[in-house]
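Colleague: Next come a sequence and a model predicted from it.
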Amino acid sequence: MFARKKKIIHTFKKILNLAKLSRNKSTKIIDSKWKSVVGLEIHAQIFSESKLFSAAGTKFEAAVNSQVSLFDAAIPGTLPSLNEKCVEAVVLTALVLKCNLNTISLFDRKHYFYADMPAGYQITQQFKPLAVNGQLTFHVIDQDINKVPYSKTSLIKQVQIEQDSGRTIHDDSSQTSLIDLNRAGTGLMELVFEPDLCNGLEASSLVKELLLIFERIKTCSGRMEEGALRVDANVSITNSDHLGTRTEIKNLGSIRAVQLAVDYEIHRQLNILKAGKEVVNETRGWDSLNNKTISMRDKEVLQDYRFMPEPNLLPINLNLFDINKLQSSIPELPDATRINLMSQYKLDIRKTSILMNEPVLLSMFYEIMNSNTLRNPARVWNILTNELMTELNIRFIKPSQCKIPSYFIGEVVDLLDNNTLNISYAKKVIAKLFDESDKSPSQIIEENNWEQICDVEEINKICEAVLVENPKAVKDYRRGKVQALKFLTGQIAKKTDHRINFNVALKKLEELLNN
Amino acid sequence: MIPLLQRRLRDRTISAVELYAKTLTGLEDKSHLNAFVHVNGDGARRAEECHERFQNGIQRPLEGIPIAVKDNFCTKNVPTTCASKMLQNFVPTYDATVVERLKSAGAVIIGKTNLDEFAMGSGTVDSIFGPTKNVWCSKRDEWHIAGGSSGGSCTAVASGVCTVALGSDTGGSIRNPASYCGIVGYKPSYGLLSRHGLIPLVNSMDAPGIISKTVEDVNIVLSVIIGSDSKDSTCVNANLDTREFYDNFSIENCRIGIPEEYHCEHLSNEVKETWNFIADLIDDSNSKVEKVSMPHTSVSIATYSVLNACEVASNMSRYTGFLYGHRSTNDHESFGSLITASRMEGLGEVVRSRILSGNFFLLQSNYEKYFMQALKVRRLISDDFQQIWKSNYDFLVTPTTLTTAPLLSEYKSLDNRTQCATQDYCTQPANMAGKFNV
């Protein structure tokens, strides 16, 4: 018992520590007696030019209150007109998520007073949503390489169309609240998942896979930093067959927040239950500064949303939409890509995932491999995800903004393969590509004299010279001091500015020393 | 009346400017009736534009015809108050579709007419602008009500200020005052005219309609404002040739039904006799008049009360005084207390009581019991009508109101709910079923 308690405290501390690190590792955070249950509700903004029920635009970066029609501001007498493009986008998403489509679906009003909800109600699909019973399969890959990756399927209860709200901006200095209605009335699809996950890593893996899908089918921009995809997580803990009292963490705006908040909440509840107290059914928010969930306290009174059918809209009748055309417009999905990468290029699931999480790198990978199928995929993967990514990160450039053409990276790979470059100069060449974008890798090598020294005669000379210059080290080595070899190779590297082919040089050096 | 005015305008025996001036004078002379709540400041300029068009010979279908509009239709740059303190300062930036179509056809909007607050009533009594008087048999201190809620529009027409006015009808709000005022009130089928810009009472029953002295005028105006509208998803293209229908329709060989359930307890003798008289009159022509049964009529008013309150509760949620409308000037510590005060101050008692009951009916625990039940009964009422049409009846003849226009004092002795429950008995089933009614 004591050991178990200690373990919990230990893991709890670990979580807190992890929370402080930018790269966190998911841990097995719960002991055998307790089971954590996590279900997600995801609000994804529908990617469309105009809003769900009005002709106003949906530009994110537009000036405050500039994307607002009379309807969006709930001006009396205005009525909603359904944007069919939004319906098509949600149907496409539902098809990809293997949902059953409801031929007829209905809109309802959900009532609550909030300053950024000007009509006093949100138009949503409570009773008869557009689609039901879907599923999403994703891979759960822990950063800890000792944990075996596995795949998991979360069931989807329903997919519904609804309106987004506006935004309230609190100005603490003047103690006022300001309303921006640009977002009000933007189309949202709400994906309601069954509570079939068990921790933060699974939750964040699900969201990652969904983002990859959106990247392909383009029905949501997936820009979480713009609020285009927000996650609510329901978390509960139980030690029986019944679900425990759950809390709902609202509006998680990043993959990292999803993972941390869910794990934090599991541990918070675990501690409460271990102490013999009860979890309160409440809405909580994620405090990303202090890395903890906090009670929102605004829903102390049970909300009754007084749902009512929306009388101003006709039911959505999918017979009026060309579902077959939508079905046939579905592009290759991430899962197919994943299978392809693993079978054709023999990359493992980890490497595949890393590559797929950066769609730009993925397309570069394909370009490089397709232009010369003899290239070594592992080497290409390595250059892209390690050397190129490092340089991008140093410069704070997003992969999507990377201007280096893939054929230059391909050239670097080839130069490595034919021993024109060694790896440390490959890095330098890639760095140089950022600064001198008009030059090819070969040009850069030539201008800077970065070519690898592979000529045996030359290497021979250099090695001999180093031996002559360092008689003490040679003596040490011959007396059996093996470390001296390291010193000598260091000298060789120094002498040649690291340009020498080390494999060849090392062989030569040993040969000379042992003679 | 409109053809007559059109002939005189074409003959140049009166100009559009003169007609407008005469209309304004009439409006001034009849101001004691309290039919109008705002005069359109832009009217004179519009009349001049009409005058020019006549001179250039490029007149439109309603060129220069003065028309009054109920104050729950949005009118660009003209206050639209719904006779409520809540919207006293509300000036829309757009025209309702029906208003826009009237204007494009050359009509001159003279002003906005009185109504019960948010059209909730059948008297045009519950208005921040005070009650509208009936033009008939009214004395200074003892007068009859105009009926409602389109009482302002009906009085404007009945008193001769203008030939045509727009009204709205949710449970009888056009037909009731038209009946009290002795003019024609037309409530079209649901979906025939666009509701865009009509500030809603009950979205699923509201119908914009036309008030005039003659059926011919109704027809002329209808032909201008009819047609589908992308801004109202429930508005359909009926492909109705109004002219052809008007010219060729004959009551002969029609089958007319007299629903016995409309013979209700409070029906006055005078109305009953008139009903019989009309039935006999039609019977004497070649059409057939027969008794029919519409078994769910008596429960319609209760059902209507529930559905009305629910949609009112929902539709009124937007009146927080936040983006527009009345905003309490007191200091408030929270959004909640601010909107509570603004709504308390800005909305009348009738409105507030309907909001309260609507919210009660929509509570999760009551939804099945009241709202769903009311929807089921509504379907039965609608089926009553469908049954009649299936049995090859062409029309029903029913009373509109149970009595002639009561005195204000008689009317005020009842509360709003009882007023509506008795006044709307014969009219609201048509709204529940979405049927047209004259």
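Modeller: Ah, there it is.
Colleague: Now do the contacts for the residue of the stretch 51-200 of chain A found nearest chain B.
Modeller: Per Cβ to the nearest Cβ, A:G120 is where the stretch 51-200 of chain A lies closest to chain B, at 2.4 Å. The way it works is simple: take the backbone N, C-alpha and C, and place the C-beta from them, glycine included. Contact partners of A:G120, counting by Cβ atoms under 8 Å, 6 or more residues apart in numbering or on different chains, are A:A74, A:H111, A:Y112, A:F113, B:S314, B:M316, B:S317, B:R318, B:T320.
Colleague: which residue sits closest to the fourth one, ignoring its sequence neighbours?
Modeller: Taking Cβ to Cβ, 6 or more residues apart in numbering or on different chains as the measure, A:F113 lies nearest to A:G120, with 5.8 Å between them; neighbours along the chain are not counted.
Colleague: What does the pLDDT read for the one you found?
Modeller: A:G120 carries a pLDDT value of 96.
Colleague: ok, now the one 5 residues further on?
Modeller: Looking at A:Q125, its pLDDT is 97.
Colleague: check contacts around it.
Modeller: Per Cβ under 8 Å, 6+ apart, neighbours of A:Q125: A:S105, A:L106, A:F107, A:D108, A:Q160, A:I161, A:E162.
Colleague: B:L363: which of the contacts of A:G120 is nearest?
Modeller: Nearest to B:L363, judged by Cβ to Cβ, of these is A:H111 at 10.7 Å.
Colleague: gap between the closest one and A:K292?
Modeller: 32 Å (Cβ to Cβ, to the nearest Å).
Colleague: So which of the two has more stuff around it?
Modeller: Between A:H111 and A:K292, counting by other Cβ atoms under 10 Å in any protein chain shown, A:H111 is the more crowded of the two (20 against 17).
Colleague: By proximity to chain A, which residue of the stretch 251-400 of chain B wins?
Modeller: For the stretch 251-400 of chain B, Cβ to the nearest Cβ, closest residue to chain A: B:S317, 2.4 Å.
Colleague: Skip the chain neighbours and tell me the closest residue to A:T293.
Modeller: A:R284 (4.3 Å).
Colleague: Can you get me a residue count around B:E117?
Modeller: Neighbours of B:E117 using other Cβ under 10 Å come to 26.
Colleague: pretty sure B:A433 is touching B:L380, no?
Modeller: No - in this structure, B:A433 is not within contact of B:L380 by Cβ atoms under 8 Å, at 10.2 Å.
Colleague: between the two, which one's more packed in?
Modeller: In this view B:A433 and B:L380 are compared by other Cβ under 10 Å, and B:A433 has more residues nearby, 21 against 15.
Colleague: what residues go with each domain of chain A?
Modeller: Domain ranges of chain A: A:2-325, A:334-448, A:456-514, per automatic domain parsing.
Colleague: Quick one: mean pLDDT for stretch A:271-279?
Modeller: Computed over stretch A:271-279, the average pLDDT equals 92.
Colleague: Local confidence estimate at A:S424?
Modeller: Here, the pLDDT recorded for A:S424 equals 84.
Colleague: Tell me the secondary structure at the residue nearest the centre of chain A.
Modeller: Nearest to the mean C-alpha position of chain A, by Cα atoms, centre = their mean, lies A:K208 at 4.7 Å. Under the three-state scheme (DSSP: H, G, I helix; E, B strand; the rest coil), A:K208 adopts helix.
Colleague: contacting residues for it?
Modeller: Neighbour list for A:K208: A:F138, A:I255, A:N357 [criterion: Cβ under 8 Å, 6+ apart].
Colleague: Next SSE downstream of the lowest-mean-pLDDT helix or strand in chain A?
Modeller: Least confident helix or strand of chain A, by mean pLDDT, DSSP states H and E, is helix A:2-20 with a mean of 45. Along the chain past helix A:2-20, the next helix or strand (assigned with DSSP states H and E) turns out to be strand A:35-45.
Colleague: what about the helix or strand that that following strand is followed by, average pLDDT?
Modeller: Proceeding N to C from strand A:35-45, the next assigned helix or strand is helix A:84-96, under DSSP H and E. Average pLDDT, helix A:84-96: 98.
Colleague: Give me the residues contacting helix A:84-96.
Modeller: For helix A:84-96, the surrounding residues in contact (Cβ under 8 Å, 6+ apart) are A:44, A:46-50, A:52, A:101, A:130-131, A:134, A:159, A:161, A:187, A:189, A:191, A:213-214, A:217, A:219-220, A:316, A:318, A:321, A:323, A:326-327, A:329-330, A:333.
Colleague: CA atoms only for stretch A:142-150, dumped as PDB, please.
Modeller: Provided in PDB are the C-alpha atoms of stretch A:142-150 (Å, rounded to 0.1, in the frame of the first residue of the first chain):
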ATOM      1  CA  ASP A 142       4.900   7.600 -26.800                       C
ATOM      2  CA  GLN A 143       8.000   9.700 -27.000                       C
ATOM      3  CA  ASP A 144       9.600   7.100 -24.800                       C
ATOM      4  CA  ILE A 145      11.000   4.700 -27.300                       C
ATOM      5  CA  ASN A 146      10.700   1.800 -24.900                       C
ATOM      6  CA  LYS A 147       6.900   2.000 -25.100                       C
ATOM      7  CA  VAL A 148       5.500   0.000 -28.000                       C
ATOM      8  CA  PRO A 149       3.300   2.100 -30.300                       C
ATOM      9  CA  TYR A 150      -0.300   0.900 -30.800                       C
END
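Colleague: who's in contact with residue 163?
Modeller: Using chain A. Counting by Cβ under 8 Å, 6+ apart, A:Q163 touches A:L52, A:F53, A:Q122, A:I123, A:T124, A:A184, A:G185, A:T186, A:G187, A:L188.
Colleague: please go with chain B instead
Modeller: Residues in contact with B:T163, defined by Cβ under 8 Å, 6+ apart, are B:M1, B:I2, B:L5, B:I65, B:P66, B:I67, B:V157, B:S212, B:K213, B:D217.
Colleague: Let's see if you can find the most crowded of the residues you listed.
Modeller: Going by other Cβ under 10 Å, B:V157 tops these with 33 neighbours.
Colleague: That one: which element?
Modeller: In the assignment (DSSP H and E), B:V157 maps to helix B:151-158.
Colleague: so which strand or helix has the closest residue to B:G358 other than its chain neighbours?
Modeller: Closest residue in space to B:G358, ignoring its immediate chain neighbours: B:A313 at 2.8 Å, by Cβ to Cβ, 6+ apart. B:A313 is part of helix B:297-315 when elements are defined by DSSP H and E.
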